[in-house]
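Peer 1: give me a 3D structure for the following:
(chains A and B)
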Amino acid sequence: NAGVTQTPKFRVLKTGQSMTLLCAQDMNHEYMYWYRQDPGMGLRLIHYSVGEGTTAKGEVPDGYNVSRLKKQNFLLGLESAAPSQTSVYFCASSKPGQESPLHFGNGTRLTVT
Amino acid sequence: KNQVEQSPQSLIILEGKNCTLQCNYTVSPFSNLRWYKQDTGRGPVSLTIMTFSENTKSNGRYTATLDADTKQSSLHITASQLSDSASYICVVSESGGFKTIFGAGTRLFVKA
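Peer 2: Numbering: from 1, shown residues only, chains lettered A, B, ... in the order given. Here you go, the predicted structure:
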């Protein structure tokens, strides 16, 4: 069981470039999430999905898009990267229910110059 | 505004000593509070969950407490080990919705 796998682990982009972050989970979880983690701040929710084919906006969705074409995969896209998007991005998955723990990947460190 | 505040921001202790991390929240309505451990370069991992009716819960050397009246929680680590060096994140979920609020974490350093 790999759990939640994120690729790539590191990436450097120039302002205006685009990229897609990949997240895969093998726990058959219904819910998946994308968070960003910035120094001195708690993790903030970008987008989430409660099932295949569905997505919803979180707390900080601007500048990002997501897709959930398959239950096990959740993709995060940056169409035109900005320096403010320099961050560590975490994907997570969980079973339905507020008492279900989040299972996180090990993050993607993105730098936008 | 719903908030989760943790203290201290960072802490250095000697191996074998105990420590207590604090979490204050203003989230309402309250559903549950969870503590996560995040090792450097890794994603957070759940340690324990506290619901409204629970006061204390232990997971090995970790003991979490919750006072729902004062909206405070603590995480006590007993007989610390070098492997306890990590960030500890307090996370509070709202009832009836999808909102989960993360604290900024306490960075714990355990020295030999």
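Peer 1: tell me the bridge partners for A:Phe10.
Peer 2: Going by DSSP bridges, A:Phe10 is paired in beta bridges with A:Arg109.
Peer 1: quick one, what contacts it?
Peer 2: A:Thr108, A:Arg109, A:Leu110 (C-beta atoms under 8 Å, 6 or more residues apart in numbering or on different chains). The way it works is simple: take the backbone N, C-alpha and C, and place the C-beta from them, glycine included.
Peer 1: tell me who's in contact with the spatially most distant residue from the centre of chain B.
Peer 2: For chain B, the largest distance from the centre (C-alpha atoms, centre = their mean) belongs to B:Ala112, which lies 23.3 Å off. Going by C-beta under 8 Å, 6+ apart, B:Ala112 touches B:Leu14, B:Glu15, B:Leu82.
Peer 1: cutoff 10 Å now
Peer 2: B:Leu14, B:Glu15, B:Gly16, B:Leu82 (C-beta atoms under 10 Å, 6 or more residues apart in numbering or on different chains).
Peer 1: which parts of the chain are strands?
Peer 2: Went with chain A since none was named. With DSSP state E as the definition, chain A shows strands at residue ranges A:4-7, A:10-13, A:19-25, A:31-37, A:44-51, A:54-57, A:64-67, A:73-78, A:87-94, A:103-104, A:108-112.
Peer 1: wait, chain B
Peer 2: Assigned by DSSP E, the strands in chain B fall at B:4-7, B:10-14, B:19-25, B:30-38, B:45-51, B:56-59, B:62-67, B:72-77, B:86-94, B:100-102, B:106-111.
Peer 1: picking up where we left off before, most neighbours of all the contacts of A:Phe10, which one?
Peer 2: Ranked by neighbour count (other C-beta atoms under 10 Å in any protein chain shown), those have A:Thr108 at the top, with 23 neighbours.
Peer 1: what distance do you get for the closest residue to that one other than its chain neighbours to A:Pro8?
Peer 2: In space, and not counting its chain neighbours, A:Thr108 is closest to A:Tyr89: 4.7 Å by C-beta to C-beta, 6 or more residues apart in numbering or on different chains. To A:Pro8, A:Tyr89 is 11 Å away according to C-beta to C-beta, to the nearest Å.
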